[in-house]
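**Student:** Pasted the sequence and its predicted model underneath.
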Amino acid sequence: MGRITDRIYYFVEQLFGRSALWQLVAVIGIIFLISLTGGFVVWGTSPAFDDFWASVWWAFLRLSDPGYLGDDEGLLARSVSTVLTVAGYVVFLGALVAIMTTWLNRFMGQLLSGRSPIFEKDHIVIVGWSSQLHAIIEEMVHAKERVAKRWRKRRLPAIVILAQDYRPELLAELEGQLAEDVRDECRVLIRTGNPLELASLERVDFARAAALVLLSPVKAADKKQLADVTLVKTLMTIKAHAEAIDPDARPTVVLQIANPANRLLAESVGWEERTEAVATDEIIARLLCQTLRQPGLSSVYNHLLTDTWGESLYLVSVDELGLEGRTLREVHRCFEIAVPIGFLKGRARAKQEQRLRILALDEPMEAGDEIIALSPTIRDIARGYDPDRALEPREPGRQRVTQPPGVGRKLLVLGWSRRLPALLRELGSYRREHFEIQIVAGLPEQDALRRLEPLVSSYAGLDLRYRQLVVDDPYDVDALTPESYDGIALLSSELAEDYLVADAESLMAHVLLAHHLRENGGDEKVSFLVELADEDNRELFELEGAEDLVMTNEIVSHLLSQVAVRPALAWIYEELFTVGGPEIRFRRFDEVMGELGELSFDDCQAACLAAGAVALGYRFRAERGDLRAGTHLNPHPDALFRPAPEDYLVIVEPQERPSYVD
């Protein structure tokens with residue numbers, strides 16, 4: 001008997017475990033059996049029921065509608081009618097409503113699960129999910145003019161995210177992080193799937209996308225290689241199944257590489273000149289390095305690499321401006337709302353690594369080349385161009401090499417970050433400079449020394465020491481004697497629970513260190529550099545007097561979004577931010593102009609061009625006329641001001657620092 005019961009239970013389980021259609025069929029069968037049984041009872045026992053199928057219909061009506069209950073006469077008919085009505089509540093209403101509700105919930109869940117394919121064209125696909133995703137979307141929306149010019153689109157294309165562990169609530173969370181104007185400007189679609197599977201990539205219609213951005217899944221320094229392998233395998237999957245696409249219609253691919261050593265490998269796997277691997281940790285380390293060498297330089301990078309201050313680098317065709325055969329020196333003053341710093345040779349005349357011409361002021365430009373210019377928007381470059389405007393030339397000064405900006409600096413670095421080795425390598429690459437660096441973090445000393453040992457043996461200009469300490473107490477700060485250092489760097493520690501906690505730890509350490517320096521007279525001598533993970537915390541550090549803030553996530557988001565539209569921007573940033581090529585630097589006004597007086601930006605630009613450099617703007621210690629204190633890039637060329645000895649010009653100059661005046 002038990003075996004039979006188990007078999008019946010198993011049959012019912014298999015039947016109801018199928019789709020909603022099978023469940024409906026089962027319930028309809030039960031309703032028919034109940035109606036048949038009830039009709040048979042009254043047909044065989046009551047003379048009022050002489051037609052069998054009419055009896056069955058009578059039973060079905062009582063089963064489906066309790067309103068018939070009061071119309072019956074006789075004890076038997078009323079008893080059967082009552083049983084049928086109760087059974088109707090349970091089976092007809094309860095079971096059907098439950099099945100339909102379950103099916104509807106399952107259907108809505110399927111719609112929201114992100115498993116249906118999309119039907120878009122020239123859209124932007126972001127593969128991966130990270131804490132900086134909202135910043136990437138915001139940067140893409142703010143770059144809509146660049147997108148419109150590059151892809152000839154009137155509006156921003158759809159942004160499609162492929163997330164492996166997607167949940168419907170993640171979309172609501174992402175939209176809550178986006179600014180209201182950003183939500184109104186873009187369409188964000190999310191699909192779930194493994195990027196290593198072709199079916200998941202086809203779900204986001206990767207073959208018809210304009211750009212693919214592959215985010216690094218790395219969480220810690222020891223997972224860099226695994227993260228890069230995952231990205232390369234994803235790229236190989238994409239390439240293997242997109243060979244049939246017209247080469248001119250293939251999407252641009254941008255990979256966020258964790259280990260810089262894998263960059264060339266990743267680019268070789270992808271399509272030539274359509275695949276760009278961006279080592280974001282290395283770029284951030286370079287920015288930190290340049291700022292440690294020249295305190296205050298982070299303000300320039302924040303202007304160039306975030307959307308907060310409204311200046312960026314753009315590329316505009318030489319053909320569009322009619323500059324074939326002319327040089328940058330000749331046409332520099334023709335741009336009123338832009339500052340050209342170089343140009344990019346056309347693809348047909350140079351290999352990828354040889355196309356960039358930063359500070360090539362006297363090389364004639366050709367058809368197909370593109371000017372690289374600093375401007376508020378891409379439209380302002382052509383809109384502010386006037387071929388009749390001229391800049392009075394100056395005679396160049398003597399060329400001589402002067403002392404680099406970071407010689408003999410003593411640095412205190414707090415916090416252990418996966419970017420720390422890259423930062424130290426970048427500092428060590430300046431062979432003529434020497435850095436004495438004290439690293440303080442919560443990483444066990446044995447692990448830290450094991451990771452630092454290769455750097456100590458490879459770079460003679462680095463004198464590294466390590467101390468295991470979490471700076472959260474005034475006594476710890478006193479023991480570090482921060483007033484004895486030239487600069488202090490607070491890195492966003494990867495040992496913290498998340499980036500918000502890391503920012504909170506940096507803020508606490510900054511408050512303690514700043515208080516100690518004020519008490520010991522070191523606040524004017526020691527410069528502060530803070531790596532900030534969340535740009536919303538910028539105002540907190542500014543209130544505490546932090547001079548240099550590098551907003552990591554916002555800069556990384558800007559880089560990825562801009563390079564996705566114009567891969568050549570990655571080459572430009574790499575050229576400007578590292579040793580060996582032209583660099584962005586500060587120069588005193590008297591060093592460039594000689595005797596100080598009332599000047600305009602045109603005057604400064606003429607002096608810089610004469611020495612083979614380009615002026616980008618100013619950095620004022622205090623208010624100068626109508627110009628507030630701080631950094632001003634691409635200022636009005638004719639506005640007059642009177643600089644002070646503590647003010648600086650922001651320039652792009654060759655690695656060999658020239659003399660500007662005789």
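**Tutor:** Sure thing, it's come through. Numbers count the residues shown, from 1 in each chain.

**Student:** In this protein, which residue is most central in space?
**Tutor:** Centroid check for the chain by C-alpha atoms, centre = their mean gives residue 557 as the closest residue, at 2.5 Å.

**Student:** Look at the closest residue in space to it that isn't next to it in sequence and report its pLDDT.
**Tutor:** Of all residues not flanking residue 557 in the chain, residue 135 sits nearest, at 3.6 Å (C-beta to C-beta, 6 or more residues apart in numbering). C-betas here are computed from N, CA, C, even on glycine. What the model reports as pLDDT for residue 135 is 82.

**Student:** Could you tell me whether residue 135 really is in a helix?
**Tutor:** Yes: checked against DSSP: H, G, I helix; E, B strand; the rest coil, residue 135 lies within a helix.

**Student:** Next, the contact list for it, please.
**Tutor:** By C-beta atoms under 8 Å, 6 or more residues apart in numbering, residue 135 lies in contact with 535, 553, 554, 556, 557.

**Student:** Report pLDDT for residue 286.
**Tutor:** Residue 286 is assigned 92 on the pLDDT scale.

**Student:** correction: residue 42
**Tutor:** pLDDT at residue 42 comes out at 73.

**Student:** Three-state assignment for it, please.
**Tutor:** Per three-state DSSP, residue 42 ends up helix.

**Student:** domain parsing for this structure?
**Tutor:** 2-112, 124-278, 295-399+582-653, 409-554 (automatic domain parsing).

**Student:** wait, which of these is closest to residue 563?
**Tutor:** domain 124-278 (5.2 Å; C-beta to C-beta).

**Student:** all helices for the stretch 301-450 of the chain, in order.
**Tutor:** When assigned using DSSP state H, counting those that start in this stretch, the helices of the stretch 301-450 of the chain occupy the ranges 318-321, 328-331, 378-383, 420-428, 445-458.

**Student:** Redo those helices as JSON lines? Include mean pLDDT, distance to residue 637 and mean neighbour count.
**Tutor:** Formatted as JSON lines, these follow (pLDDT from 0 to 100; distance: least, C-beta to C-beta, whole Å; neighbours: other C-beta atoms under 10 Å):
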{"stretch": "helix 318-321", "mean pLDDT": "89", "distance to residue 637": "18", "mean neighbour count": "17"}
{"stretch": "helix 328-331", "mean pLDDT": "90", "distance to residue 637": "14", "mean neighbour count": "20"}
{"stretch": "helix 378-383", "mean pLDDT": "86", "distance to residue 637": "13", "mean neighbour count": "18"}
{"stretch": "helix 420-428", "mean pLDDT": "91", "distance to residue 637": "34", "mean neighbour count": "23"}
{"stretch": "helix 445-458", "mean pLDDT": "85", "distance to residue 637": "45", "mean neighbour count": "13"}
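
**Student:** For those helices, please prepare JSON lines with the additional fields distance to residue 208.
**Tutor:** As requested, those are arranged in JSON lines below (distance: least, C-beta to C-beta, whole Å):
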{"stretch": "helix 318-321", "distance to residue 208": "28"}
{"stretch": "helix 328-331", "distance to residue 208": "39"}
{"stretch": "helix 378-383", "distance to residue 208": "25"}
{"stretch": "helix 420-428", "distance to residue 208": "36"}
{"stretch": "helix 445-458", "distance to residue 208": "44"}
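
**Student:** Which of the ones you listed sits closest to residue 564?
**Tutor:** That would be helix 378-383 among the helices of the stretch 301-450 of the chain, by C-beta to C-beta, at 15.4 Å.

**Student:** So for residue 180, which of the helices of the stretch 301-450 of the chain sits nearest?
**Tutor:** That would be helix 378-383 among the helices of the stretch 301-450 of the chain, by C-beta to C-beta, at 24.6 Å.

**Student:** what distance separates the closest one from the middle of the whole chain?
**Tutor:** Relative to the chain's own centre, helix 378-383 is displaced by 26 Å; criterion: C-alpha atoms, centre = their mean, to the nearest Å.

**Student:** Could you list every helix and strand in contact with that helix?
**Tutor:** Contacts defined by 3 or more C-beta pairs under 8 Å, 6 or more residues apart in numbering; DSSP states H and E place helix 378-383 against helix 144-151, strand 312-317, strand 370-375.

**Student:** Quick check: next helix or strand after the first one?
**Tutor:** In this case it means helix 144-151. Going down the chain from helix 144-151, the next helix or strand is strand 159-163, by DSSP states H and E.

**Student:** Run the chain-centre distance for that following strand.
**Tutor:** Centre-to-centre, strand 159-163 and its host chain are 13 Å apart (C-alpha atoms, centre = their mean).

**Student:** Give the other helices and strands that that strand contacts.
**Tutor:** Using 3+ C-beta pairs under 8 Å, 6+ apart, strand 159-163 sits against strand 124-127, helix 133-142, strand 188-192, helix 198-203.

**Student:** how far away is the closest residue to residue 555 other than its chain neighbours from residue 456?
**Tutor:** Leaving aside its sequence neighbours, residue 555 sits nearest to residue 305 (C-beta to C-beta, 6+ apart; 4.5 Å). Distance, residue 305 to residue 456, using C-beta to C-beta, to the nearest Å: 31 Å.
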